[in-house]
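>>> what's the 3D shape of this:
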Amino acid sequence: MSGSLVAGRYRLEERLGRGGMGEVWRAHDQQLGRRVAIKFLFPEPDADGSAAARFHREASITAQLQHDGITQVHDHGEQDGRHFLIMELLAGRNLGALLRDQPSGLPVRKAVDVLAQAAAALGYAHSRGIVHRDVKPANLMLLPGGRVKVCDFGIAGFVRGDSGLTRAGSVLGTPDYMAPEQWRAERADGRTDLYALGCVLFALLTGRTPFPRRPDFWAAMHDHVATPPPRLAALRPGVPAVLDRLAAQLLAKHPDDRPAHAGVVADRLRALNGDGRPATLPDGVFVRPGPGDPPTPADPGIVLTSAQNEYLPPGGQELSTMVTVTAGSTDPHDLAAAAPRALVFLLGLSTALPVADLRAVTRTVADTIDGLDEGDRFAVVTGSEYASMCYPDSLRTVRATPATKAEARAALDRLEPVRAAAFGRWIRMADRLFAGHADAVRTAIMLMDLRSEAELPGELAAALAASTGRFSCHVRGVGTGWEVAQARAVGEALRGTVDIVHADSAPGLAAALAADLDAVVERTRQAFARDLALRITTPPGGGVRFLKLVSPQVEDLTGHGLPTGPGVTEFRVDVPDGRSHEYHLSLEVPPGPVGERITAADLAVILLPPAGDGQELARLMIPAERTDDRDSLTIDHRVAHYTGQAELAEAIMEGLRARADEPSEDQARASRDSSPSADSSA
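The predicted model follows:
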């Protein structure tokens with residue numbers, strides 16, 4: 001075939017490879033003067049022409065994928081009964097060939113980088129409704145410079161997308177990487193590719209797939225459908241724990257138990273710097289930015305800036321700085337894609353509640369469920385002494401679809417009032433329902449007009465302690481029969497809000513509750529951008545004296561820090577999209593000689609679970625230099641220059657000037673000891 005002309009413009013030059021589905025040639029595009037790759041697909045029986053129609057339809061869709069991590073399809077067609085694709089010609093090696101040279105696996109850093117790039121490309125395709133169906137090392141091309149391209153996107157589906165699993169050999173995909181639903185001939189979606197990505201992760205780090213290659217078709221099927229996969233850490237000792245957990249989630253047998261989006265997987269992989277440990281504070285010297293140099297965020301959605309007088313007197317051990325965290329506005333569609341939601345409604349409506357009010361509440365909850373995005377998951381829990389499922393009728397959440405929304409409304413219409421409440425048991429039920437959704441924003445909404453009197457003493461406290469950090473819970477009291485202290489305990493422990501929903505009429509109650517629930521659900525849509533923490537890392541001998549929110553409101557956060565390591569404290573920050581919050585941070589710094597330059601603190605805004613695993617979104621060093629120059633110690637115009645809020649900067653400067661004029665502790669003690677009042681008191 002060398003020298004043949006395809007479609008009147010592509011001159012075949014050399015066959016590059018041959019596989020089970022076709023062969024690839026290098027060719028010269030005589031019209032545009034460039035080299036391309038042509039993949040010819042082996043012919044399949046197609047009596048009615050449906051396969052050809054599907055091929056052209058899906059090839060046209062795939063050609064629309066414009067992503068740096070996906071091989072570009074330029075054209076497609078048919079010649080002499082053979083379908084072909086015209087693709088960009090890539091220089092590099094596929095990972096299957098690379099693994100043949102490195103049979104024990106790749107370094108962790110390299111494997112994580114490769115997989116993160118592949119996951120990002122898959123996430124892009126999935127957001128456009130396109131599933132690969134045959135992710136494997138041979139379809140991942142490593143280019144010079146380390147870039148990764150996902151190849152053969154959807155080609156398996158072109159040829160056999162509707163064939164089903166009817167006999168050995170008619171499988172759609174590569175057996176070593178096929179998800180259980182592919183073996184069962186069920187519908188594939190993006191989570192099918194994620195299972196294959198988990199198999200690829202095993203191959204990259206161990207040189208083998210999770211299950212041994214079997215010549216027997218049914219034995220291979222049983223492995224993927226029914227046999228628990230091994231732990232990655234057992235086959236590659238020393239692999240980061242977070243990577244081991246991610247591999248287990250990717251290889252979950254049921255799609256609902258895998259991460260919901262490839263983009264989330266990419267973010268979690270990017271959070272690893274090769275060995276799974278966060279970056280540490282550099283010793284000693286800092287690099288001072290030039291005046292006016294803008295901060296460079298690690299993520300375009302979050303910006304971290306500071307303003308301070310970085311100069312310290314020789315004996316000074318306190319440095320104040322104004323820290324600003326800004327969350328950029330993000331497209332709500334992107335937010336929803338990055339942070340899938342799981343919601344559990346906990347309903348404790350008593351016999352004392354008027355029937356009209358009860359129905360107003362249940363119908364408003366049904367309306368809220370109707371407004372969920374397709375792909376969100378939800379459940380409704382009720383019960384008296386023990387929690388029970390209102391919808392669905394099994395202990396699981398369901399995906400929001402027109403059918404499940406209608407079924408939930410019917411179940412809520414049948415909801416009967418309860419005699420008592422057991423908040424602790426409700427909380428534990430919610431925790432069980434959320435257990436399979438580690439990558440979703442998990443939110444419970446408790447609506448009740450009862451006190452928690454149907455459980456053992458200490459049961460609620462124990463449930464809250466077990467669930468802290470696993471999900472948030474917003475509590476709404478309806479009527480007057482509930483106890484504020486109990487509601488506040490739930491809201492504070494589970495990072496939720498507490499409020500009363502009251503109106504003189506059932507329509508008024510429904511309207512007030514609808515607005516409130518809409519706000520709560522809308523907040524979950526943006527939770528990944530809000531569920532942040534300010535991580536402060538200080539050097540030996542240093543520490544955080546206090547942290548105060550000063551704008552848009554004033555709040556002392558000092559006692560709310562969570563120590564996460566030597567010299568590391570994390571403070572949760574809640575910054576809405578498009579807004580900025582200002583914090584006054586006072587740092588304790590170790591003493592040192594004149595001329596010493598140090599990093600007083602390393603600040604980072606990090607993304608917390610459930611949407612993140614502590615990955616840095618923005619980072620900033622707080623420098624300090626010791627000097628005996630009085631002018632440097634009393635004023636620094638760069639403070640106002642960087643913040644644009646001169647009044648806040650001046651307040652810090654006044655505090656520094658006042659502190660500089662104060663007598664030392666030894667002087668103050670000597671003064672007190674020699675004063676008449678001190679003598680008389682003695």
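
>>> does residue 252 sit in a helix, a strand or a coil?
coil (DSSP: H, G, I helix; E, B strand; the rest coil).

>>> before we move on, what about residue 466?
Quick answer, by three-state DSSP: residue 466 is helix.

>>> To what extent is the spatially closest residue to residue 7 that is not a sequence neighbour buried, counted in neighbours?
The shortest distance from residue 7 to any non-neighbouring residue, by Cβ to Cβ, 6 or more residues apart in numbering, is to residue 77 (5.3 Å). C-beta here means a position set from N, CA and C on the backbone, and glycine is covered the same way. By the measure other Cβ atoms under 10 Å, the count of residues near residue 77 is 17.

>>> Who are the contact partners of residue 77?
6, 7, 83, 84, 86 (Cβ atoms under 8 Å, 6 or more residues apart in numbering).

>>> tell me which element it falls in.
Using DSSP states H and E, residue 77 sits in strand 73-79.

>>> re earlier: what's across from the residue nearest to residue 7 in the sheet?
Beta-bridge partners recorded for residue 77 (DSSP bridges): residue 84.

>>> where along the stretch 51-200 of the chain do the helices fall?
95-101, 108-127, 155-160, 180-183, 190-206 (DSSP state H, counting those that start in this stretch).

>>> between those helices, which gets nearest to residue 38?
helix 155-160 (12.9 Å; Cβ to Cβ).

>>> Would you mind measuring from residue 69 to residue 384?
Separation of residue 69 from residue 384 (Cβ to Cβ, to the nearest Å) stands at 53 Å.

>>> Between those two, point out the one with more neighbours.
Neighbours were counted for residue 69 and for residue 384 using other Cβ under 10 Å; residue 69 has more, 22 against 17.

>>> ok now do that one, which residues does it touch?
The contact partners of residue 69, taken as Cβ under 8 Å, 6+ apart, are 117, 118, 120, 121, 124, 147, 148, 149, 150.

>>> 10 Å instead, please
116-125, 140-141, 147-150, 266 (Cβ atoms under 10 Å, 6 or more residues apart in numbering).

>>> Contacts for the helix or strand that residue 572 is a member of, please.
Assigned by DSSP H and E, residue 572 falls within strand 568-573. For strand 568-573, contacts defined as Cβ under 10 Å, 6+ apart pick out 278, 280-281, 323, 325, 327, 495, 530-538, 543-544, 547, 549, 557-558, 560-564, 581, 583, 585, 601-602, 604-606, 608, 614.

>>> Skipping its backbone neighbours, what lies nearest residue 180 in space?
residue 225 is the one closest to residue 180 (Cβ to Cβ, 6+ apart), at 4.6 Å.

>>> Report the secondary structure element holding the one you found.
Short version, using DSSP H and E: residue 225 is in helix 217-226.

>>> What is that helix packed up against?
helix 180-183 (3 or more Cβ pairs under 10 Å, 6 or more residues apart in numbering; DSSP states H and E).

>>> Surely residue 75 touches residue 37?
No: counting by Cβ atoms under 10 Å, residue 75 does not reach residue 37; the two are 11.4 Å apart.

>>> So between the two, which is more surrounded?
Between residue 75 and residue 37, counting by other Cβ under 10 Å, residue 37 is the more crowded of the two (20 against 17).

>>> Strand partners (parallel or antiparallel) of the helix or strand hosting the more buried one?
Using DSSP H and E, residue 37 maps to strand 34-41. Neighbouring strands of strand 34-41 in its sheet, by DSSP bridges, are strand 22-29 (antiparallel), strand 82-88 (antiparallel).

>>> how far does it sit from the chain's center?
Taking Cα atoms, centre = their mean, to the nearest Å, one finds strand 34-41 lying 38 Å from the centre of the chain it belongs to.

>>> Next: stretch 196-208.
Worked out by Cα atoms, centre = their mean, stretch 196-208 lies 22 Å from the chain centre.

>>> Flag every buried residue along that stretch.
Using 16 or more other Cβ atoms under 10 Å as the test for burial, stretch 196-208 gives 196-208.

>>> Pick out whichever of these sits closest to residue 391.
Nearest member of the buried residues of stretch 196-208 to residue 391, counting by Cβ to Cβ, is residue 198, at 31.5 Å.

>>> Could I get the contacting residues of that closest one?
Taking Cβ under 10 Å, 6+ apart as the test, what residue 198 contacts is 115, 135, 177, 179, 209-210, 229, 232, 246-252, 258-259, 265.

>>> CA atoms only for stretch 570-589 - export them in CSV, please.
Extracted C-alpha coordinates of stretch 570-589, given in CSV (Å, rounded to 0.1, in the frame of the first residue of the first chain):
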residue,chain,number,x,y,z
GLU,A,570,-4.7,25.0,59.5
PHE,A,571,-7.5,27.5,59.9
ARG,A,572,-10.7,26.9,58.0
VAL,A,573,-11.6,30.0,55.8
ASP,A,574,-14.9,30.5,54.1
VAL,A,575,-14.5,32.9,51.2
PRO,A,576,-17.5,33.2,48.7
ASP,A,577,-16.8,33.3,45.0
GLY,A,578,-15.8,36.8,43.8
ARG,A,579,-15.1,38.0,47.3
SER,A,580,-12.1,38.7,49.5
HIS,A,581,-11.5,38.2,53.2
GLU,A,582,-8.9,40.1,55.2
TYR,A,583,-7.1,38.4,58.1
HIS,A,584,-4.7,40.0,60.7
LEU,A,585,-2.0,37.4,61.4
SER,A,586,0.4,37.9,64.3
LEU,A,587,3.5,35.6,64.1
GLU,A,588,6.0,34.8,66.8
VAL,A,589,9.5,34.6,65.3
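
>>> Distance from that stretch to the middle of the chain?
The answer for stretch 570-589 is 21 Å, by Cα atoms, centre = their mean.

>>> Ok, stretch 425-441 next?
17 Å.

>>> and if you look at stretch 75-89?
Its chain's average C-alpha position is 39 Å from that of stretch 75-89, according to Cα atoms, centre = their mean.

>>> And for stretch 313-328?
Distance, centroid of stretch 313-328 to centroid of chain: 29 Å (Cα atoms, centre = their mean).

>>> Strands of the stretch 401-550 of the chain, start to end?
441-448, 472-478, 498-501, 532-537, 543-551 (DSSP state E, counting those that start in this stretch).

>>> Could you look over those strands and pick the most buried one?
Compared across the strands of the stretch 401-550 of the chain, strand 441-448 shows the largest average neighbour count, a mean of 26 (mean count of other Cβ atoms under 10 Å).

>>> quick one on the thing from earlier: kindly calculate the angle that the strand holding residue 572 makes with strand 532-537.
Per axes from the mean of the first three to the mean of the last three Cα atoms, to 10 degrees, the angle that strand 568-573 makes with strand 532-537 is 160 degrees.

>>> So what's the gap between strand 568-573 and the chain middle?
Computed by Cα atoms, centre = their mean, the chain-centroid distance of strand 568-573 equals 18 Å.

>>> angle of that strand against strand 543-551?
10 degrees.

>>> how many other residues sit next to residue 351?
Counted with other Cβ under 10 Å, residue 351 comes out at 12.

>>> measure the closest residue in space to it that isn't next to it in sequence to residue 111 for me?
With sequence-adjacent residues excluded and distances taken as Cβ to Cβ, 6+ apart, residue 351 is closest to residue 417, at 4.5 Å. Distance check for residue 417 against residue 111: by Cβ to Cβ, it reads 56 Å.

>>> Of these two, which one has the most company?
More crowded of residue 417 and residue 111, by other Cβ under 10 Å: residue 111, with 25 against 17.

>>> residues contacting the residue nearest to that one when sequence neighbours are not counted?
Of all residues not flanking residue 111 in the chain, residue 204 sits nearest, at 4.0 Å (Cβ to Cβ, 6+ apart). With contacts defined as Cβ under 10 Å, 6+ apart, the neighbours of residue 204 are 95, 98-99, 102, 105-108, 110-112, 114-115, 137, 140, 236.
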